[in-house]
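Participant: From the sequence below, what's the structure:
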Amino acid sequence: MSVLEMKVPSPGESITEVEIATWLVEDGDYVEKDQPIAEVDSDKATLELPAEESGIITLKAEEGDAVAVGAVVCHIDMSAAKPEGGVEKKEAPKAEEKKEEPAKVEPKKETYATGTASPAAKKVLAEKGMSASDVQGTGKDGRVTKDDAVKAVPSMGTPGMGNRGVERKKLSMLRRKVAERLVSVKNETAMLTTFNEVNMQPIFDLRKQFKDDFKAKHGVSLGFMSFFTKAVVRALQMYPAVNSMIDGKEMVSFEFQDISIAVSGPKGLMVPVIRNAENLTFRGVESEVKRLALRARDGQITVDEMTGGTFTITNGGVFGSMLSTPIINPPQSAILGMHNIVNRPMAVDGQVVIQPIMYVALSYDHRIIDGKESVGFLVAVKEALENPVELLMDGNPTKALEM
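Facilitator: Below you'll find the model as predicted:
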């Protein structure tokens, strides 16, 4: 019998532990080589775990377990023959077994284990202020499992008041790590936010003039992200302190601009990075934004694609936000928040004119970025967005958008 011990691979440097989020197969299933068998959460991303060989799988960890990188999570018996008729034949009896199980369980055999909680279940019940006697055990001989404890709801309230259900759901390792990082940003940085407004009419005019040709030529839309990314790169080159971070007692400034973009994915907010954005054209930025957003949406984004940014752009406007104070993405020192675009009355050449206005916000770490630099940076972004032809396209939009 040839058995492979499958170990947790390292999802990236600095990650020492992952959590089994979901098993995609069941104990005793036949798996094919490279078939996804589990989703694992690290503190930076959710990744799929593929089978290293074909064979019958034996699970060695439960959903929700935290396991060290390099630990064995399952065995694959490579000597086992593939069942005839593939997976479909195998699943039918399994469904029958599941249906029969409740009938088998009902005449329970009382043993010393009945009503006893496993160590993991005891911990969960203690957090809820419940005892094992309050829970109906579904484990062997009536033992209370961790799953029983997680699903158990303490009795509370007065009967007859309608539905008062409470759902408890464990936070994923990724969400817990994000929470820790956000709290540490508040505690460990001197975060301030400065605001400004941008008249988006010049960009509206450019997009109206060139968007069809741009889409036909390059296969991607001419969106707002390319204008904002180019404006940010220019402003970072003017104010290098904003493109810096603190490392112990040193200030590290970067000669390149790796721009993190916050996008919404199935597992929450992801922040993939546009590398060397200073070298990209409008087409290059739009193509990279689309590629990274699709990978985040499909859950394919890797840890490497989300680390190493020097500055972040986040767009709350897609959800309808008028104004917000974005929180810094550590270890970076600043983040630019975009918001929704609303027609507002503006004074233009002494006249009140209706214009499409976006409020922008820059949150920054006051320990290394002074007020003069933060305000100057945001004004530079505003100037570039309101004069894109002159400041972002060298006076020739046709040439800039054809590249």
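
Participant: Show residues contacting the one helix or strand E390 maps to.
Facilitator: Assigned by DSSP states H and E, E390 belongs to helix 388-392. Helix 388-392 has contacts (Cβ atoms under 8 Å, 6 or more residues apart in numbering) with 202-203, 206, 227, 230-231, 234, 383-384, 395-397, 400. In short, each C-beta sits where N, CA and C put it, glycine included.

Participant: do the same with stretch 216-231
Facilitator: Residues beyond stretch 216-231 that count as contacts (Cβ under 8 Å, 6+ apart) turn out to be 200, 203, 206-207, 210-211, 214-215, 259, 261, 274, 277, 280, 282-283, 285-287, 289-290, 313, 315, 336, 338, 380-381, 384-385, 388, 391-392, 401-402.

Participant: ok so, going back, I'd like the average pLDDT over the helix holding E390.
Facilitator: Averaged across helix 388-392, the pLDDT comes to 96.

Participant: Can you name the next helix or strand after that helix?
Facilitator: Following helix 388-392 toward the C-terminus (DSSP H and E): helix 397-402.

Participant: What helices and strands are in contact with that next one?
Facilitator: Contact here means 3 or more Cβ pairs under 8 Å, 6 or more residues apart in numbering; DSSP states H and E; on that basis helix 397-402 packs against helix 201-218, helix 282-297, helix 388-392.

Participant: Assign the nearest residue to T138 once chain neighbours are set aside to helix, strand or coil.
Facilitator: Closest residue in space to T138, ignoring its immediate chain neighbours: D148 at 5.6 Å, by Cβ to Cβ, 6 or more residues apart in numbering. Secondary structure, DSSP: H, G, I helix; E, B strand; the rest coil: D148 is helix.

Participant: Now do the contacts for the closest residue to I369 other than its chain neighbours.
Facilitator: Spatial nearest neighbour of I369, chain neighbours left out: A241 (5.2 Å); criterion: Cβ to Cβ, 6+ apart. If a contact means Cβ under 8 Å, 6+ apart, then A241 has 251, 253, 333, 368-370, 373 as its contacts.

Participant: Buried subset of those, written for ChimeraX?
Facilitator: Burial among the contacts of A241 is assessed by 16 or more other Cβ atoms under 10 Å; the matching ChimeraX selection reads:
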select :333,368,369,373
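
Participant: could you pull out the strands for the stretch 301-403 of the chain?
Facilitator: Here the stretch 301-403 of the chain has its strands, by DSSP state E, counting those that start in this stretch, at 311-315, 334-338, 341-348, 351-365.

Participant: Any chance of these in a markdown table with distance to I246 and mean neighbour count as columns?
Facilitator: Converted to a markdown table, the strands of the stretch 301-403 of the chain look like this (distance: least, Cβ to Cβ, whole Å; neighbours: other Cβ atoms under 10 Å):
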| stretch | distance to I246 | mean neighbour count |
| --- | --- | --- |
| strand 311-315 | 14 | 23 |
| strand 334-338 | 12 | 25 |
| strand 341-348 | 34 | 12 |
| strand 351-365 | 7 | 18 |
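
Participant: List only buried entries from the contacts of stretch 216-231.
Facilitator: With burial judged by 16+ other Cβ under 10 Å, the buried subset of the contacts of stretch 216-231 is 200, 203, 206-207, 210, 214, 259, 261, 274, 277, 280, 282-283, 285-287, 289, 313, 315, 336, 338, 380-381, 384-385, 388, 391-392, 401.

Participant: List the contacts of the residue nearest to T189 when sequence neighbours are not counted.
Facilitator: Distances taken as Cβ to Cβ, 6+ apart place D365 nearest to T189, at 4.5 Å, with adjacent residues excluded. Contact analysis of D365 by Cβ under 8 Å, 6+ apart lists 189-191, 246, 328, 333-334.

Participant: can you do 7 Å?
Facilitator: By Cβ atoms under 7 Å, 6 or more residues apart in numbering, D365 lies in contact with 189-191, 328, 333-334.

Participant: Beta-bridge partners for G268, please?
Facilitator: The residues listed as beta-bridge partners of G268 by DSSP bridges are G265.

Participant: pLDDT wise, what is it at?
Facilitator: 70.

Participant: what's the distance between it and P345?
Facilitator: Distance from G268 to P345, counting by Cβ to Cβ, to the nearest Å: 38 Å.

Participant: Okay, now the unreliable bits of the stretch 251-400 of the chain?
Facilitator: Along the stretch 251-400 of the chain, segments meeting pLDDT under 70 span 266-267.

Participant: Same question for the stretch 1-150 of the chain.
Facilitator: For the stretch 1-150 of the chain, the ranges with pLDDT under 70 are 1, 13-14, 44, 85-115, 140-141.

Participant: Which parts of it are helices?
Facilitator: Secondary structure of the stretch 1-150 of the chain (DSSP state H, counting those that start in this stretch): helices at 86-105, 119-128, 146-151.

Participant: buried sites along the shortest one?
Facilitator: Spelled out, it's helix 146-151. Result for helix 146-151 [16+ other Cβ under 10 Å]: buried residues 146-150.

Participant: now swap in the second one and tell me
Facilitator: Of all the residues in helix 119-128, those buried under the rule 16+ other Cβ under 10 Å are 120-122, 124-125.

Participant: follow-up on the earlier one: and which of the buried residues of helix 146-151 is nearest to D29?
Facilitator: D147 (19.4 Å; Cβ to Cβ).

Participant: so who does that closest one touch?
Facilitator: Taking Cβ under 7 Å, 6+ apart, one finds nothing in contact with D147.

Participant: Swap in 8 Å and give it another go.
Facilitator: Counting by Cβ under 8 Å, 6+ apart, D147 has contacts T138.

Participant: ditto for T312
Facilitator: T312 sits in contact with 259-262, 271, 326, 328-329, 332, 334-336, where contact means Cβ under 8 Å, 6+ apart.
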